[in-house]
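Asker: When you get a sec, could you give me coordinates for this:
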Amino acid sequence: MRESETHSWISWGLKLFFGVAPYALFYAGIFLWYGYGNVPKYFTTARIILAIDLEIWYLQSLKFISVVKILGPKLFMVKNMLRDLASFVYVAFICIAAYGVASRVMMNHVGIQFSAHSIVGNVLYTPYWFLFSDTEDEKRTLNEIIANNTNSDQIIGATATYVLLAFHLLFINILLLNLLVAVFTTTINRVENNTKYFWRYQRYIFIQKYFEKSVLAASPIILIVYVGLMLRHS
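Answerer: Residues are numbered from 1 along each chain as shown. Next up, the predicted model:
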């Protein structure tokens, strides 16, 4: 029961985000573009906001293929795989933070400033790329510390970090990633075994949504409908 409630809250949050964010970002970007376009920093901010908004609109356009018999179940697979990915991201974040903090304590505890930029750059950014087996920068840094340093404490710290890196790659790249692939495979097989059911369900939901939609569905007129619904249920 608790799991279904959590899933419904997540679904509601995603629907709210994709329903509100595209319009909010669009009007914010247009406001900055035409209101403060002559100021370089606001012009750059407007371009970034509108670019992100454009990507959200592209992602939203995927809902129109949900009624296609061949592509609809594939979209349902992606939706379920995103739910599986959410739990994996939590575990991966813990592993990344663990290596980032432990390795920087051993190899470069003096050179890290206590600021958001420094912490994210040193503790999270570099270990994140280990998920994609990109460890060249980290190994190059460790090799330089071992080869060019005369301080035995730093050499020992870099060597210990090498051992930690090997264990971290073994855990992340072999265990967790293969677990994720296995979970994705299970999800795909479950949907493929019930392709017709999921496609018919998606088509029903899609048609019902547009059948019940107000005649004032065009933006920004639809805001009137939303305000009316809020007042009715308040």
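Asker: For stretch 181-200, report the contacting residues that lie outside it.
Answerer: For stretch 181-200, contacts defined as C-beta atoms under 8 Å, 6 or more residues apart in numbering pick out K69, G72, P73, F76, M77, N80, M81, D84, F88. Where C-beta positions appear, they are placed from N, C-alpha and C, glycine not excepted.
Asker: Kindly apply the preceding question to stretch 96-109 instead.
Answerer: In contact with stretch 96-109 (C-beta under 8 Å, 6+ apart) are residues 112, 122-124, 126-128, 130-131, 141-142, 145, 154, 157-158, 160-161, 164-165, 168.
Asker: Whichever of those end up buried, select them in ChimeraX.
Answerer: Typed into ChimeraX, the next command selects the buried ones out of these (criterion: 16 or more other C-beta atoms under 10 Å):
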select :122,123,126,127,130,141,142,145,154,157,158,161,164,165,168
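Asker: Neighbours of T185, how many?
Answerer: As a burial measure, T185 scores 10 neighbours (other C-beta atoms under 10 Å).
Asker: what ranges of this protein fall below the confidence cut-off?
Answerer: Residues of the chain meeting the criterion pLDDT under 70: 1-14, 109-112, 150, 213-223, 225-226, 229, 233-234.
Asker: List only buried entries from the contacts of stretch 181-200.
Answerer: G72, P73, F76, M77, N80, M81.
Asker: Please report the distance of the first one from T195.
Answerer: When C-beta to C-beta, to the nearest Å is the yardstick, G72 and T195 sit 9 Å from each other.
Asker: next one: the last one
Answerer: Using C-beta to C-beta, we find M81 at a distance of 16 Å from T195.
Asker: So which bits of stretch 97-117 are buried?
Answerer: Those would be Y99, G100, S103, R104, M106, M107, N108, for stretch 97-117 by 16+ other C-beta under 10 Å.
Asker: Could you say which helix or strand holds I56?
Answerer: Using DSSP states H and E, I56 maps to helix 40-60.
Asker: list the buried ones in that helix?
Answerer: T45, A46, I49, L50, D53, I56.
Asker: Which single one of these is nearest to F17?
Answerer: I56 (8.8 Å; C-beta to C-beta).
Asker: So that closest one sits against P22, correct?
Answerer: Yes: at 5.0 Å, I56 counts as touching P22 under the criterion of C-beta atoms under 8 Å.
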